[in-house]
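>>> I would like the atomic coordinates for the input below:
(4 chains)
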Number of protein chains: 2
Amino acid sequence: MDKTFAVISSIPLFSGLSPGQIEAITAIATEKRLARNQTVFTEGDPARGFFIVAEGKVKIFKLSIDGKEQILHIYGPGQPFGEVPMFAGGKFPANAQTLVASRLIFLPRRDFARLLAVHPSLAMNMLAVLSRRLREFTVQIENLSLKEVPGRLAAYLLYLCSEQDASDKVRLPISKGQLASLLGTIPETLSRIFSKMTDQGMINVRGRWITIANRQAMEELALEGRLIV
Amino acid sequence: MDKTFAVISSIPLFSGLSPGQIEAITAIATEKRLARNQTVFTEGDPARGFFIVAEGKVKIFKLSIDGKEQILHIYGPGQPFGEVPMFAGGKFPANAQTLVASRLIFLPRRDFARLLAVHPSLAMNMLAVLSRRLREFTVQIENLSLKEVPGRLAAYLLYLCSEQDASDKVRLPISKGQLASLLGTIPETLSRIFSKMTDQGMINVRGRWITIANRQAMEELALEGRLIV
DNA sequence: GACATTTTTTGATTTAAGTCAAGGCAAGCC
DNA sequence: GGCTTGCCTTGACTTAAATCAAAAAATGTC
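The predicted model follows:
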């Protein structure tokens, strides 16, 4: 439980809260350990609470009838997920599965709701988290409908760059197959775009390591662009 | 101002609040009247508050560099919009424009934030609104990436059906061109799909009035489907 | 009613990306 | 070593939807 306290106090969602508030949150939290590729919850499941990644990696995804998956998010340490049904309806709107062995913190709905009502600052933090997520979704919809796949890939690689604050060499946090799904496409298409970009001297690919060779071209592509075939 | 009070008290966001709380909200609210096709705000604008539609219709949309637009939402009476920057960063993540002459209620950021801190139930309502919106976005992303255009149209028409609680005859709330953008496509494609569906006896189209002739087929299409050409 | 403007439809063509099928490559295992 | 397994790449082909261009309807205005 001590470890849980340490994790909880370092989470952005709970930043700025008093030690007493963190203590109260820790008191209602439980820990879950899951191996790789385990289901956390399934779309439509009644939600009795939400989760925070303490360690590991979780993907949130939707499935079409014929089994194709669209990854909505990949969450890592410190990031909460599954909070939507806390406040709107009681069912999870998507699926969650671990990508690697993970440790999750579970916060029960009822208990957490009670805390929220008592601590306005907690509610404000929660509002900030949801708003930021809404903004990300806005960008994702924009990307899906306004950009072609190369543009989405360029935007993602540049995002990774800033994320890992590397100037030009990044490591994909997920397999290329998973990346394809995150970008709303399929592995074959992604592979072809990787090699096309390489041919044009924009990037170099070595397994999961990507080096950005021509940042300006990548930025243009991410903004609007079309890949010159 | 009396009229503003009436509007505010009928808004879901403020449901369950005491008359005193509604009064406090009314006190900080101002009204804006806008003609058709007027810009409410532009992506990147610093947000000094958010809006509620009192009367009329507002579209929220993103633009690509070459001017193509993707409509994210259409909001009607009673619906708040532009609240994201209230809590995350200070800039609007998309554009807003009136579709018809509209009356909007504006709530200044600072004043509203103060109210939120004082009234936990208001914060809880806000959390519910944002969560619901997040869920809608989840569905929209799913639709954009997992379904083809006919499937998206079918899903939208069925949604309209339940919305207007009509058994089989619905009226499009927006022009077909706007609908195309909402569905992530272009007018030509939408038009062709309308006539293909009509040929197959699934629907009948008469201007903005659509009758669902074969509900089962529409439901299948909305679920996964492909249009049999 | 007639005019001008906007919206919708239709046709011909191009193109991005999906599908199907096969092969390559690396990692781990017996 | 040879073998399986999972992941990635390549090639040939198909297809949904975008683009370009123009006509046809609908709508509002004087």
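>>> so what's the residue nearest in space to the middle of chain A closest to, chain neighbours aside?
Nearest to the mean C-alpha position of chain A, counting by C-alpha atoms, centre = their mean, stands residue A:74 at 3.0 Å. Closest residue to residue A:74 apart from its sequence neighbours, by C-beta to C-beta, 6 or more residues apart in numbering or on different chains: residue A:59 at 5.4 Å. In short, each C-beta sits where N, CA and C put it, glycine included.
>>> Over to that neighbour. Which of the three states is it?
strand (DSSP: H, G, I helix; E, B strand; the rest coil).
>>> For it, name its beta-bridge partners.
residue A:74, residue A:97 (DSSP bridges).
>>> ok, how many other residues are close to it?
23 (other C-beta atoms under 10 Å in any protein chain shown).
>>> what do you get for residue A:192?
So residue A:192, with other C-beta under 10 Å, has 12 neighbours.
>>> Give me the neighbour count for the closest residue to DNA strand C within chain A.
Nearest to DNA strand C, among the residues of chain A, is residue A:148, at 3.0 Å (C-beta to the nearest atom of the strand). Using other C-beta under 10 Å as the criterion, residue A:148 is surrounded by 15 other residues.
>>> next one: residue A:22
Neighbour number of residue A:22 under other C-beta under 10 Å is 17.
>>> that older thread, look up how far residue A:182 lies from the residue nearest to the centre of chain A.
7 Å (C-beta to C-beta, to the nearest Å).
>>> any shared contact partners between the two?
residue A:174 (C-beta atoms under 8 Å, 6 or more residues apart in numbering or on different chains).
>>> SS state for residue A:36?
coil.
>>> Now for it: which residues touch it?
Counting by C-beta under 8 Å, 6+ apart, the residues that residue A:36 touches are A:98, A:99, A:100, A:101.
>>> one more time with 10 Å, if that's ok
Residues counted as contacts of residue A:36 (C-beta atoms under 10 Å, 6 or more residues apart in numbering or on different chains) are A:56, A:57, A:97, A:98, A:99, A:100, A:101, A:102.
>>> Just list what the one helix or strand residue A:211 maps to packs against, helices and strands only.
Assigning secondary structure by DSSP states H and E places residue A:211 in strand A:209-212. Judged by 3 or more C-beta pairs under 10 Å, 6 or more residues apart in numbering or on different chains; DSSP states H and E, strand A:209-212 is in contact with helix A:149-163, strand A:169-171, helix A:187-199, strand A:203-206.
>>> The same query, at a cut-off of 8 Å, please.
helix A:149-163, strand A:169-171, strand A:203-206 (3 or more C-beta pairs under 8 Å, 6 or more residues apart in numbering or on different chains; DSSP states H and E).
>>> Confirm that residue A:112 lies within a helix, as I assumed.
Yes: Residue A:112 forms part of a helix when assessed by three-state DSSP.
>>> I figured it hits residue A:48, correct?
No: with contact defined as C-beta atoms under 8 Å, residue A:112 does not count as touching residue A:48 (10.5 Å).
>>> which of those two has more neighbours?
residue A:112 (19 against 13).
>>> Quick check: the gap between the more buried one and residue A:208.
For residue A:112 relative to residue A:208 (C-beta to C-beta), the value is 37 Å.
>>> Low-confidence ranges, chain A, go.
A:1-3, A:224-229 (pLDDT under 70).
>>> what about 80?
For chain A, the stretches flagged by pLDDT under 80 are A:1-7, A:16, A:64-68, A:89, A:166-167, A:224-229.
>>> where does it come near DNA strand D, residue by residue?
Chain A has residues A:175, A:176, A:177, A:187, A:188, A:190, A:191, A:192, A:194, A:195, A:205, A:208 near DNA strand D, with proximity defined as C-beta under 7 Å from any atom of the strand.
>>> Is there proximity between the longest helix along chain A and DNA strand C?
Counting by DSSP state H, the longest helix found in chain A is helix A:120-146. No: Helix A:120-146 stays clear of DNA strand C (C-beta under 7 Å from any atom of the strand), getting no nearer than 10.0 Å.
>>> Just the buried residues of that helix, please?
A:120, A:122-131, A:133-138, A:140-146 (16 or more other C-beta atoms under 10 Å in any protein chain shown).
>>> helices and strands around it, which ones?
Using 3+ C-beta pairs under 8 Å, 6+ apart, helix A:120-146 is in contact with helix A:109-118, helix A:149-163, strand B:58-63, strand B:69-75, helix B:84-87, helix B:109-118, helix B:120-146.
>>> tell me the angle of it relative to helix B:109-118?
Put simply, helix A:120-146 runs at 130 degrees to helix B:109-118, going by axes from the mean of the first three to the mean of the last three C-alpha atoms, to 10 degrees.
>>> Next, the angle strand B:58-63 makes with helix A:120-146.
With the same axes, to 10 degrees as the basis, helix A:120-146 and strand B:58-63 are set at 60 degrees to each other.
>>> Spit out the contact partners of residue A:25.
A:8, A:14, A:17, A:107, A:112, A:115.
>>> now residue A:84
A:92, A:93, A:130, B:131, B:134, B:135, B:138.
>>> And those residues, which two are furthest apart?
With C-beta to C-beta as the measure, no two of those lie farther apart than A:92 and A:130, at 15.4 Å.
>>> Residues contacting stretch A:178-198, please?
When contacts are defined by C-beta under 8 Å, 6+ apart, stretch A:178-198 is touched by residues A:59, A:61, A:69-71, A:74, A:99, A:144, A:149-150, A:152-153, A:156, A:172, A:174, A:176-177, A:203-205, A:227, A:229, B:144-145.
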